[in-house]
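> Below are the sequence and a predicted model; questions follow.
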Amino acid sequence: IEVFKGITNPGNKDINYYYPTSVLVTGQDIIFFWVARMIMAGMEYKHEKPFSDVYFTGMVRDKQGRKMSKSLGNSPDLLDLIERFGADAVRFGIMISSPAGNDLLFDESSCEQGRNFNNKIWNALKLVKMWEERQAVSNGQTGDSFAINWFENRLNEVKAEVESLYKDFRLSEALKTIYSLIWDDFCSWYLEWVKPEFEKPIDKTVYEKTVGFFEELMQLLHPFMPFVTEEIYHTLKDQKEDLVIKQFATAQPVDKSVLKNGSLLKEVITAIRDAKVKAQLKPRDIIRLHILSAHTDTYKNIGTILSKQVSAEEILYTNNIVSNSITVIVQKDKLFIESATKLDTGAQKEQLLKDLDYQKGFLASVEKKLSNERFVQNAKPEVVAAEQKKKADAEAKIKAIEESLASL
């Protein structure tokens, strides 16, 4: 009676005021009523609190922000969506667009994104299964050890992040984090780093590690896309249990230095590939790479993967600018690309000038912020330190670009 008293008109004092069947309530009121019933039943029959948290989703609206209703005709047919995109893709589309505490702006394009994600994972499965019959036992020395170490740390980093997001009920952000890990880190980078050359075998240890990573990724994604993940999990190899009952492993400590080196490797590969395209070199054109850096040990650690990804026949370390080469600036390091193909220095100079203008503009914005006394006094010390590091990095890049321009 007390539950219904709180949601009816206080001015109505007849018997119907206390009689549930005659009370008009909202959808949210009904939810509160059933939550109260579950709490009372748990306390009465189990003598314990049945749960601690109740999660309320926001209202589902169309992409224009309007409430979905039959009168507007903007409510999609769920069965039709499943028929067109698949059940997992629809689940993905709804979850990816439902931030905690806010209304859900639903658009069919997010279901299409889910379908594309399904296809990406399935293609990754086909690639890995192709390697199954091409395993070979090596002597334990493999250039793929860094790739394995990097992804293992990246996976543990995401596990801990997702666990934290679950505790805060930030389900949409958890899905986005897992999506990026699978699409970018696993499919776009890790699989490319460990992929054997054409018709050559793959190291048995590398293959088994890759399958293990794939299984853990499917377990992370399983609460959001249960059908495709369960299918892939059992296709990878014979399993003793289903994903739906498998317990999550505890995230292990993360080596930040390995993750930092992995980020550097991705940045260097991207920069060299872009430079080759701008110089009208084909991706498979063989190059010689000269590196001018104070951290040669880092590059030696990632050198095997780097040379394979950019088609470098040799990686050399230098203390001087290399003439007749394409210059690439990555962080504070200089990379010089030599090729048998005649290089277009005009295009290179144009790109360096653009980079110089950008860095000078960026440096000016950072200096303006640091010259603001109110910002320096009120900001946290770590924020000020980060801005000072940005300034130092920008100054180093400007100096490197100007030296490269002078050498052309």
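Nice, thanks for sending it over.
> and the end-to-end length of stretch 250-257?
21 Å (CA to CA, to the nearest Å).
> ignore the last one, stretch 48-56
Termini of stretch 48-56 sit 23 Å apart (CA to CA).
> Could you check how far it is from the centre of its chain?
31 Å (CA atoms, centre = their mean, to the nearest Å).
> Please point out which parts of it sit buried.
Buried residues in stretch 48-56, counted by 16 or more other CB atoms under 10 Å: none are found. Backbone N, C-alpha and C define where each C-beta goes, glycine included.
> Kindly report the same for stretch 337-351.
337-339, 343, 348, 351.
> and which of the residues you listed is nearest residue 93?
Residue 93 has its nearest neighbour among the buried residues of stretch 337-351 in residue 351, at 39.1 Å by CB to CB.
> What strand or helix carries the closest one?
Using DSSP states H and E, residue 351 maps to helix 345-370.
> got a list of what residue 62 touches?
68, 72, 74, 105-107 (CB atoms under 8 Å, 6 or more residues apart in numbering).
> hmm, try it at 10 Å
68-69, 72, 74-76, 105-108 (CB atoms under 10 Å, 6 or more residues apart in numbering).
> Turn the buried residues of stretch 337-351 into CSV, columns for distance to residue 264.
Formatted as CSV, these follow (distance: CB to CB, whole Å):
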residue, distance to residue 264
337, 17
338, 21
339, 23
343, 25
348, 22
351, 21
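> before we move on, back to that, residues making contact with the next helix-or-strand element following the helix holding residue 351?
Using DSSP H and E, the next helix or strand after helix 345-370 towards the C-terminus is helix 373-378. Outside helix 373-378, the residues that touch it by CB under 10 Å, 6+ apart are 368-370, 372, 383-384, 387-388.
> tell me, what residue is most central in this structure?
residue 180 (2.2 Å; CA atoms, centre = their mean).
> Hmm, residue 157 and that one touching each other?
No. Under the criterion of CB atoms under 10 Å, residue 180 makes no contact with residue 157, lying 11.7 Å away.
> quick one: the residue nearest to the centre of the chain from residue 128, how far?
20 Å (CB to CB, to the nearest Å).
> so where do the strands sit in the stretch 101-250 of the chain?
Along the stretch 101-250 of the chain, counting by DSSP state E, counting those that start in this stretch, strands occupy 104-105, 135-136, 202-203.
> Least reliable of these by average pLDDT, please.
Within the strands of the stretch 101-250 of the chain, confidence is poorest for strand 104-105, with a mean of 80 (mean pLDDT).
> which residues sit against that one?
The contact list for strand 104-105 (CB under 10 Å, 6+ apart) reads 57-66, 68, 94-95, 97-99, 172.
> gap between that strand and the chain center?
Taking mean C-alpha positions (CA atoms, centre = their mean), strand 104-105 and its chain are 22 Å apart.
> Spatially, which residue comes closest to residue 292, not counting chain neighbours?
residue 334 (4.1 Å; CB to CB, 6 or more residues apart in numbering).
> Would you mind naming the residues that bridge with the one you found?
Beta-bridge pairing for residue 334 (DSSP bridges): residue 292, residue 329.
> Let me see the contact set for it.
Applying CB under 10 Å, 6+ apart, the residues near residue 334 are 290-293, 318, 321-322, 327-328, 400-401, 403-404.
> and what of residue 360?
Here residue 360 is in contact with 394, 397-398, 401 (criterion: CB under 10 Å, 6+ apart).
> Which pLDDT value goes with it?
Model confidence at residue 360 (pLDDT) stands at 91.
> Number the residues from 864 up from this point.
Happy to do that; since the first residue is 864 now, the last one works out to residue 1223.
> Could you check how far it is from residue 1257?
For residue 1223, the distance to residue 1257 - CB to CB - is 8 Å.
> For residue 1116, grab phi and psi.
Dihedral pair for residue 1116: phi -60, psi 150, per degrees, to the nearest 10.
> residues near it, how many?
9 (other CB atoms under 10 Å).
> Residue 1050 and residue 1014 touch, don't they?
No. Residue 1050 sits out of contact with residue 1014 when judged by CB under 10 Å, with a separation of 11.3 Å.
> quick one: which of these two has more around it?
Comparing residue 1050 with residue 1014 by neighbour count (other CB under 10 Å), the higher total belongs to residue 1014, at 24 against 17.
> Find the nearest non-adjacent residue to that one, please.
Nearest to residue 1014 is residue 1053, by CB to CB, 6+ apart, at 4.6 Å.
> hang on, the one you found packs against residue 1012?
No. Residue 1053 is beyond contact range of residue 1012, at 11.0 Å (criterion: CB under 10 Å).
> Which residues are in contact with each of the two?
Joint contacts of residue 1053 and residue 1012 (CB under 10 Å, 6+ apart) are 1072, 1125.
> quick one: which of those two has more around it?
residue 1053 (24 against 17).
> Can you tell me how far the more buried one is from residue 1225?
For residue 1053 relative to residue 1225 (CB to CB), the value is 31 Å.
> Next: residue 1051.
To residue 1225, residue 1051 is 27 Å away according to CB to CB.
> still on that earlier bit, overlap of the contact sets of residue 1050 and residue 1014?
With CB under 10 Å, 6+ apart as the test, residue 1050 and residue 1014 both reach 1044, 1080.
> Tell me the most packed of the contacts of residue 1223, by neighbour count.
Ranking the contacts of residue 1223 using other CB under 10 Å puts residue 1264 first, with 23 neighbours.
> For that residue, which non-adjacent residue is closest in space?
residue 1219 (4.8 Å).
> wait, that neighbour sits on residue 1269?
No. Using CB under 10 Å, residue 1219 makes no contact with residue 1269, being 11.7 Å away.
> Please say which of those two ends up with more neighbours.
A side-by-side neighbour count of residue 1219 and residue 1269, using other CB under 10 Å, places residue 1219 first with 18 against 8.
> how far away is the more buried one from residue 1261?
7 Å.
> okay, and the common contacts of those two?
Joint contacts of residue 1219 and residue 1261 (CB under 10 Å, 6+ apart) are residue 1192.
> Pull out the buried positions in the helix or strand harbouring residue 1166.
Following DSSP H and E, one finds residue 1166 within helix 1159-1173. Neighbour-count burial for helix 1159-1173, counted by 16+ other CB under 10 Å, picks out 1161-1162, 1164-1173.
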